[in-house]
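In: Structure of the sequence below:
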Amino acid sequence: MRRLIPLAAALLASACAVPGSPPVTVAKTAPDLALAGPSVALAPDWWSAIGDPQLDRLVADALAGNPSLDAAAARVRQAEAALARQDAELRPDAALDVNVQGQRLSSNYIIPPPFAGTVRALGTGQAGLNWNLDLFGRQKAAIAGAAAQLQAAEYDRAAARLMLAGAVVQSYVELARAERQAAIAQRTIATRQQSLGLVQVRERNRLASRIDITAAQTLVSQAQLALVQAQGARAIAADALAALAGRGGDYARALQPTRLAADAALPVPATLPADLLARRPDVAAAQARIAAAAAQRQVARRAFYPNINLSALVGLQAIGFGNFVDLSSGIAGGGAAIHLPLFDSGRRSAELRGATAAVDVATAQYNESVVAAARDAADAIARVQAADAARVRQREVVTGLAETNRLNGVRVQSGLSSRLDLVNTDIRLLDAELADANLAIDSLAARAQLATALGGGFELPTPANPSPATGAQDLSR
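Out: Okay, the predicted model is just below:
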């Protein structure tokens, strides 16, 4: 017997030995991406800075009625249920079993006379208690993993809300673009028709040819085409807004003309802020999935340790209904069970290697989301700066053409220029105003895109989670 004790100890030690190596992928941090700029303050309702109450209502309707958010909310509830289930596994289980049946007892079995060979009622009723002690933390790790998955689902829902609000703003900006294009197209049509009339007068006075009239008529048709295209673009943008709000065509037709602020008070940082990664819900979700994968790796590691269960029962057991309610028929018991798999042909080792690889996958996906977040913000900043710079120059063009138009008006009144020259200057001014309107919309769209890229006012709950680089490593040991 004494010789068996060292052998048993050796088997126990070998069974508890945990093979494998830690994850190898390292999560990127703000310094890795040169994120060092000052923090940018954004309100959760950042779109209200654009200054259009109708836009505020559209975003509110979309956040309340878009089906994609229903799916995100359902995934949160699903994760909550999974966490509750894992938490329940850590607590004792109690059950009550009652079994009553009639049976003829064998005359040649363990039942003695006078019961042998007779038909009797057999009754058993017992209450049992079972408790997994989780001494080595396997179930606690499973709970941590489920909690991280719940956190990821909540961040996914925040990301879905952010992207939906951004989509509404972008569609509304395109609605405003179409309205401005239509307004300028209507003015252009009137000016082109005026030009056509002047050319027709010149043709009657033999100062212009039929070719000149045809060219002027073509320009009128082009302006009318631009109006039709702008009206179609507005209808498409309105339908997109209705769909984002989960509504139908009547909702789109009820939209009023836009009233966007000329210069929306949306912040534009010169460089990427250092806290960008903490303000993106999609990045936070990817970080939470690292923690979830690391917790599952810990579950796989703890599978190499013993599993200890305590159990107890009390109840009644008797032959015959009358004896079933007698206290002397009482039964009771209790004990402990230890389970330690010694040989499994490498199954647990394979599961641990798979869980380790899952941590690397989650970390790589986190790095992808981090790089994408930095690029989104950098691209949006570049677009804002480019649109603003172009608009400064375009405003100079508009100012110059407006002054030229004024001077031409003076020359017409003095008889030094023809009315047709003034009309042609009007057309060039309208073209410049159209370009300026498009650049203004481009600038606003880029600012809205930047607000989305900066997280739209999202903040991690306090206390903040550990950084993915350290948190995952701690959970994976």
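
In: So, low pLDDT: which residues of the stretch 351-477 of the chain?
Out: 408-423, 462-477 (pLDDT under 70).

In: again, but for the chain
Out: 1-20, 32-34, 36-37, 202, 207-209, 212, 262-265, 408-423, 462-477.

In: residue closest to the middle of it?
Out: For the chain, the residue sitting closest to the mean C-alpha position, by CA atoms, centre = their mean, is residue 159 at 3.0 Å.

In: Assign a three-state SS to residue 106, would you?
Out: Counting by DSSP: H, G, I helix; E, B strand; the rest coil, the backbone at residue 106 sits in coil.

In: ok, how many other residues are close to it?
Out: By other CB atoms under 10 Å, the residues close to residue 106 number 10. The way it works is simple: take the backbone N, C-alpha and C, and place the C-beta from them, glycine included.

In: shouldn't it be in contact with residue 115?
Out: No - counting by CB atoms under 8 Å, residue 106 stays clear of residue 115, with 10.0 Å between them.

In: ranges for the strands of this structure?
Out: 93-104, 119-132, 307-319, 330-339 (DSSP state E).

In: got the angle for the second one vs strand 330-339?
Out: Between the axes of strand 119-132 and strand 330-339, defined by axes from the mean of the first three to the mean of the last three CA atoms, to 10 degrees, the angle is 40 degrees.

In: from now on call the first residue 374
Out: Understood, numbering begins at 374; the last thing we discussed is strand 492-505.

In: What pairs with strand 492-505, parallel or antiparallel?
Out: According to DSSP bridges, strand 492-505 forms sheet pairs with strand 466-477 (antiparallel), strand 680-692 (antiparallel).

In: and what of the last one?
Out: Using DSSP bridges, strand 703-712 pairs in its sheet with strand 680-692 (antiparallel).

In: The partner strand: how far from the chain's middle?
Out: Put simply, strand 680-692 sits 49 Å off its chain's centre (CA atoms, centre = their mean, to the nearest Å).

In: May I see the buried residues of that strand?
Out: 680, 681, 686, 688, 689, 691, 692 (16 or more other CB atoms under 10 Å).

In: Stretch 434-444 now?
Out: Quick answer for stretch 434-444 (16+ other CB under 10 Å): 434, 435, 436, 439, 442.

In: same question, stretch 741-750
Out: In stretch 741-750, counting by 16+ other CB under 10 Å, buried: 742, 743, 746, 747, 749, 750.

In: so who does the last one touch?
Out: Right, residue 750. By CB atoms under 8 Å, 6 or more residues apart in numbering, the residues touching residue 750 are 645, 649, 823, 826, 827.

In: Excluding sequence neighbours, find me the nearest residue to it.
Out: residue 826 (4.2 Å; CB to CB, 6 or more residues apart in numbering).

In: how about the one you found, what does it touch?
Out: 746, 749, 750, 752, 753.

In: Let's see which of those end up in helices.
Out: 746, 749, 750, 752, 753 (DSSP state H).

In: tally of neighbours for the fourth one?
Out: The burial count assigned to residue 752 is 14, neighbours taken as other CB under 10 Å.

In: what about the helices in the chain?
Out: Under DSSP H, the chain gives helices at 377-389, 426-438, 440-462, 511-577, 583-617, 622-626, 654-675, 694-697, 720-786, 792-826, 841-848.

In: Could you identify which of the ones you listed is most buried?
Out: A comparison of these by mean neighbour count, using mean count of other CB atoms under 10 Å, puts helix 654-675 on top with a mean of 25.

In: Which strands or helices does that one pack on?
Out: On a contact count with 3 or more CB pairs under 8 Å, 6 or more residues apart in numbering; DSSP states H and E, helix 654-675 meets helix 511-577, helix 720-786, helix 841-848.

In: Now do that helix against helix 440-462, angle only.
Out: Using the same axes, to 10 degrees, helix 654-675 lies at 30 degrees relative to helix 440-462.

In: relative orientation of helix 654-675 and helix 511-577 in degrees?
Out: 160 degrees.

In: relative to helix 720-786, how tilted is helix 654-675?
Out: Using the same axes, to 10 degrees: helix 654-675 against helix 720-786 is 180 degrees.

In: Run the chain-centre distance for helix 654-675.
Out: 17 Å.

In: can you check stretch 418-425 too?
Out: On CA atoms, centre = their mean, the centre of stretch 418-425 falls 21 Å from the chain's centre.
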